[in-house]
Every structure is written in structure tokens, then in C-alpha cells.
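Visitor: Following is a predicted model, sequence given first.
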Amino acid sequence: MAALATMTNKLRTGAALIAGAAAAEASRRLGRGGGTALPGLVAATIAPDITAQLVRRAGAGTVVVTGTNGKTTTAHLLAECARAAGSEVIANRSGSNLERGIVSAFLADRGNGARGRLGVLEVDEAALPPLLPALAPRAIVFLNLFRDQLDRYGEVDSVAEGWERMLIADASGATLVLNADDPSIAPLGDAARGEVVTFGIEDDGIARDGPDHASDARFCRCGAPFRYDAIFVAHAGRWRCDACGRSRPRPLVAAHEIEQFEDGSRFVLDLAGERIEVELPLQGLYPIYNALGAAAAAHALGLVAPVVAGALAGAGPAFGRQERFQLRGRELRLWLAKNPAGMNAVLRALTAAGTAAGEAPQPRLQILAALNDGIQDGRDVSWIYDADFELLAGHAASVCVTGDRADDLALRLRLAGVRVDLVQPHRASALDEALHRLPPGERLEVITTYTAMLQLREIIAAGSGVAPYWERERQR
Amino acid sequence: MSAAADRPAIRVVWLYPELMNVYADRGNVIALEARCAALGVGCEVTRVGIGDPLPEEADLVLIGGGQDREQRRAAPDLARHAGTLRAWVAEDAAMLAVCGGFQLFGRWYRTAEGEELPGVGVFDVTTVAPPRDEERCIGDVLARSTLEGIGEVVGFENHGGRSYLGPGVEPFAHVEFGYGNNGADGAEGARVREAIGTYLHGSLLPRNPALTDHLIRAALRHRYGEEPELPEAPDPFAARAHRTAAAVARRRSRRSEA
Ligand SMILES: [Zn+2]
């Protein structure tokens, strides 16, 4: 009986792999970006334990990256670090971070049988707990926890509780790589069975006055409100609780002496005592947390500072995250923003550059903003009222609005004191119009939710001669 | 009005802006302030947090939604103000209590764990959270208000608790698409005198300018005993967002059978 069951199981796995590969091929031939998820969906439907089997193909083990914002960029930076150290990497690079996307990434991997490859997987924060046993990672990077698509994920507290139960149940001893500055993340260290590597920012020169309006970490688990000595991004900073004495742990991996520029930043990376200067070609403060998460995970894997610093400096943007394109002689940059904290990070990055402290802003930004309400975006568009669009007032020279919920976004911008020049729900028409209005030599900043990003990116890629993402993935 | 030369102004109390804000409830305050500015009405917002006293007087009280943990924090603090809030309702101050705030403005709220949180009793409403594995009421809503001159209201609801109206209140609206208070009787929210409770969260006022104006007028009546002349100030952006939201609710929410 047992032998028969094993055989049936093997047959089923084989069938799943064949069907998955066929789906991948069909999807590519149809020219669908969905090639990043469909094969996995097909395979996982036929053989539910396919994930655990496929993950074993990563001979060097896997690292999982989770959190609300920055997963794709962090996983991308970590993969670059691993490559710089000579590893081959299997990754779900385009942000397809549910089980089907992970299975698809392994199915697409052509290095059959080669040993020593590292799996670098970004995993949806709500999908992680049931998937963890199958993934059996060496390390888990927890980036942050913010409110995001409450109609889909439920409330922030339930995500945090799910993670904690997952870690208590997991006996594998995976290293936990934790953002010390996020008070929802750092306490996960209490549930660790293995090593803990913390990361954070150590530079009061960039600190802000208080947490953002839509802060999701106001209260300690003891019930008292958190106090902050410094806030860097959203609710991330040097926090403490005066009631129970819990406080932000000193980060083992840290960014010091941060300088921000129009197109990137420079900081001194302290990698567990080794100090090295890093130039990060990504704009804004939030990508520094992504770089720190990647560096901390790289440290956990045994990588040394010069390799990490070199990889971070040489890494291009991840899919749809500050990606640049040339279209009809104009430059465009894509900014993914799908929840209040992510939107605030983008708005701060765009408005901070080129404005010295205390100086009146110059209306210099050319913006196309897109809001969709698909299942992957969240059906509920109310979240735009938690994002601080008021930051844009005075900075925008021209604003075009598009997407299925363009009308909601236009109203929000207007209530924030931002003039709206065009409301055009149709993506391609809005892009045409925005490019047409763009003064020569200026760059169009395209700020967009997830499904609108996929749609706009496809139009832009087709027009600019850039190979679609799934084609580039094959060529790597 | 006492001083016709002075700009009329309303005194707004926003309860627990940092605690009860989970579903973009700030959007209602943003819309209220912008609408007051467009109508030439002053709008003084006092934020009241845990442990803070209520101001002496208020023309309009706002409270938003929270997660269970936050409701548990707010409930005992809010109980201190129960007498004042009920007295304000009796003298026709305007109120808007949304989602978790609506539940806490009722008589009581029983959590999924069976814990009973006392409400302030503004509304004759009781709320029961079903077991954790029961589906939440999530989705776009289109409802017809029982208030004169408001008509269709649009919004988004996301709540576990099921609320039931007692004899002392009317529903705020009747659901055409969506769940409403409990997914069964077609009632959405509650109202008594000038107080409104609803499950439509966050961007309720931005997308429903008629309701925003209704609250501003009620607040002005409370303060001055009469409504000052207000200019016509149609907002095409709000009207478009309203129409889009209504179309979305019609397309993808279930039609109410009640
Ligand atoms: Zn504490």
C-alpha cells in the first residue's frame, strides 16, 4: 500500500511538473505577463506538496523575505549580493509572491540538477504562515508591518499574531533577520529558536518629528503607548516603552551618516562591526531599509562587507520599483505604491529631493498617478485618505490621474490642495496625454498601484522596445 | 445668528483620532474641513484622545473605526463621556459614528471571545461579533438614506460584528447593494435626532457631499439655532467620485434581499 501511495505521489508530481511547464510555455507564447503565476497555479493544483519538493532544488537553501512594503526590492538586492559572492540564485523576481509564484519561479529555473543554488523568495505576509514548513528557509527577513488592503489581509494585528504563532510552531531554527526600528517586527525576536540578526538606521540627522498619521504601531503589547526618540520612516525609529522597559534593540547591521540625492543615497554601512561606504542607486529613505534587510540577510549567509557594498551599488531597480524607461524621447520612472506607508515613502522621496530644509518648494514634479481597485490592489480605495498626499502640494507642476478609480484619486488630490490637470481613467490615453504635456527635458514620475503598474508597464515596455519582464527573466 | 458680520463656525470634536482610525477615517475630517472652507463656514476641530477631557460644547462629534484591540482600549475611556454625549444628542448636536465607533455608540458590543464591551448608549443598537471563522461583511455599498434630501449614499464596509436596531432608532439607510448592519434585515447604520451611525467608513463624506452638507447644517443649527445662508457650491470632483462608487457597488456587490 505504502509503495503504491509513493508511486501515485511520484506520478502526480511528474504530471504536475509537466502541466506546469506546459502552462509556462503557453503563457509565454501568448505574450502574457501572467507567465509568472499561471504555471505554479497549474502545478500546485495537481500536486499540493509540489512546493516542498521543488524548494529542495535550491541546494544552498532558501531565504524568505516578507513584510508589507519593500519585499521585491529587498529580495532583488539580496539576490544581487548572493550573485556577487558567486552563487546562482532562484528567485520570484517580479513580485508574484503567493505559492503559485514561488512554484512558477522553480519551474522556470533551467539549471536542472546544479548544486549550490540559493533560493531568494519574497513571500506575501499573510501567505507565509501556512507555507513556511514547505519552504524550510535558512533565514527569514521581516521588513515591516503596515496597514495594507484591509479588505484582503484583515487587520494588522491578525497578521502579526499569525507570524508569532508561526515562529513558535517552527522548530527549524531559521535565522530571523529583523527590522529593529519597527516595533511590530523587533519583538518577533522573542519567538526565535535560532539566531537573530537585527538591522536599523543610526542617524538622527534624518529623523522626523512624529509618526505618520496612519501609524499602525502605537501601543506596546503591554498596553502602554510607545515613545520615540527618533522617527525615520512611518512608525520606524528609535522606540521604547516606559511601562515595561521594552525598547528598540541595538541593530547589528546599521546605516550611519545618510546623505540623500536626487537619484539615490549614500551611507556608511556597519555590517556587524565592519564599516564600509555604500552608494545606493535608489531614491528615498525607504530603500535604505531594504538595503539593510538585504545586507543583514547576506551577513547571516556569511557574506563580507565589500561584496555586499559592491552588490548594492551595482543593483538596478526591481520590477516596477523606480524602474526607468525612455519613451518617445522622454524619460519615465515607475513608482509602485499600494498602501498608505508605501505611498508616503514615494511622496517623501519625490518631494525631499531638490528641496533644502526650510526652503519653499518649487513646483517641478510632472506626475501621472494611477489608482485601480482590482483584487490584488484591494477593492477598498479608502486607503488613499490615510496617505499624506498633502506632501505634494506646492511640488507638483502637473498632475494627470488615471486608473479604474481615477475619480477617487482626483478628489483626494484636490482635497490635499493639489491641482489636477487631467482625469482620464483609460491608461493608454492618460499616458499619451501626460507625455504630450511633458516639457522637453523633464521626467514623468508614474505613481501607481499594483495592477495599474502592470498595465502601464506593459504599454511603456511595448512602446520603448524594452523586452517584457518574463522574456528578460528567461535570458538571465 | 448673533454676529452676522462674523463668519459662522462649527465646533467639531474628533474622538480618538489616533486610536480609532483604522479604515481611513481621517478622510471624513479632511472632507468636512474642505467643505466648510468652500461654504465659508469656520471649522474648529478639537482632537480628544484617551484620558483627555471633552470640551465644554460641541456642534458635531466624529468617531471612526478601530480593531478589536483598539475598541477594547477606547471603550472604558469613552464610558467616562457617556452622560455628556447623550446630553449632547438630546440637545440636537450632530454626530457621525463610523464602524467601530458606531458599535461603541450603541448599547453594547460582544466580541468574538464573548467579552462584552459597554457602549455609550447614544443608539439603541446592540452588536455581536460572530465566531472568528464566520465571514466578515466586506464590500462596496449602495444604500438609500432615510434622511430627507440625502438620497443615495455610497461607501465601503468591512466589519465582523452584526448590529441590530432596537425600537428607539431608525436605520440611517436601506441597503440596495451590500450587507449593511447584519446582512439580513437590509438596515444600514442608525440615526436618532441629529446623530448618525454607519458602517460606511473612511471616505464616506468625501464621496457623499450631500451628507457632508447635512452634517454642517445640523451643526450650524445646533450652534446658532438657525441655518445661516450658505452659498451653492457644487463640487464636480465629489460628484464624479460618487457616481463611480455607485457604479462599482451596483456591478460587484450583492443585491440586498431585504
Ligand atoms: Zn510595554
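Guide: Yep, that arrived. Please read all numbers here as calculations on a predicted model, not as lab measurements. Numbering: from 1, shown residues only, chains lettered A, B, ... in the order given.
Visitor: show me where the stretch 101-250 of chain A has helices.
Guide: Using DSSP state H, counting those that start in this stretch, the helices of the stretch 101-250 of chain A run over residues A:128-135, A:150-153, A:156-169.
Visitor: can you list these in JSON lines and add mean neighbour count?
Guide: Using the backbone N, CA and C atoms, a C-beta is placed for each residue, glycine as well. Below are the helices of the stretch 101-250 of chain A laid out as JSON lines (neighbours: other C-beta atoms under 10 Å in any protein chain shown):
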{"stretch": "helix A:128-135", "mean neighbour count": "19"}
{"stretch": "helix A:150-153", "mean neighbour count": "20"}
{"stretch": "helix A:156-169", "mean neighbour count": "17"}
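Visitor: Confidence-wise, which of the ones you listed is weakest overall?
Guide: When those are compared on mean pLDDT, helix A:150-153 scores lowest, with a mean of 69.
Visitor: out of the helices of the stretch 101-250 of chain A, which comes closest to the ion?
Guide: Between the ion and those, the tightest spacing by C-beta to the ion is seen for helix A:156-169, at 14.9 Å.
Visitor: quick one on the thing from earlier: got the helices of the stretch 101-250 of chain A as JSON lines, with distance to the ion columns?
Guide: Formatted as JSON lines, the entries for these read as follows, by distance: least, C-beta to the ion, whole Å:
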{"stretch": "helix A:128-135", "distance to the ion": "25"}
{"stretch": "helix A:150-153", "distance to the ion": "25"}
{"stretch": "helix A:156-169", "distance to the ion": "15"}
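Visitor: remind me which residues of the stretch 301-450 of chain A are low pLDDT?
Guide: Counting by pLDDT under 70, the stretch 301-450 of chain A contains low-confidence residues at A:353-358.
Visitor: The same query, at a cut-off of 90, please.
Guide: Using pLDDT under 90 as the threshold, the predicted model of the stretch 301-450 of chain A has low-confidence ranges A:316-321, A:328-329, A:352-363, A:375-376, A:378, A:439-441.
Visitor: And the residue of it closest to the ion?
Guide: With C-beta to the ion as the measure, A:Ala341 is the residue of the stretch 301-450 of chain A nearest to the ion, at 22.6 Å.
Visitor: dump the residue contacts of the spatially closest residue to that residue that is not a sequence neighbour.
Guide: Closest residue to A:Ala341 in three dimensions, ignoring its sequence neighbours and counting by C-beta to C-beta, 6 or more residues apart in numbering or on different chains: A:Phe146, at 3.8 Å. A:Phe146 makes contact with A:68-69, A:156, A:214, A:216, A:234, A:339-342 under the criterion C-beta atoms under 8 Å, 6 or more residues apart in numbering or on different chains.
Visitor: so the residue of the stretch 301-450 of chain A closest to the ion is in which element?
Guide: For A:Ala341, the host element (DSSP states H and E) is helix A:340-352.
Visitor: likewise B:Leu78?
Guide: In this structure, B:Leu78 sits in helix B:68-79 according to DSSP H and E.
Visitor: One more: B:Arg223?
Guide: Using DSSP H and E, the secondary-structure element containing B:Arg223 is helix B:209-224.
Visitor: Tell me, how many residues neighbour B:Gly64?
Guide: Residues lying near B:Gly64 (other C-beta atoms under 10 Å in any protein chain shown) number 30.
Visitor: Which residue lies closest in space to it, excluding its sequence neighbours?
Guide: Excluding its sequence neighbours, the residue lying closest to B:Gly64 (C-beta to C-beta, 6+ apart) is B:Asp25, at 2.6 Å.
Visitor: what does chain A put close to chain B?
Guide: Residues of chain A found near chain B, taking C-beta under 8 Å from any C-beta of the partner chain as the criterion, are A:147, A:150-151, A:154-157, A:213-215, A:218-219, A:223, A:373, A:379-386, A:405, A:407-408, A:410-412, A:414-416, A:420, A:423.
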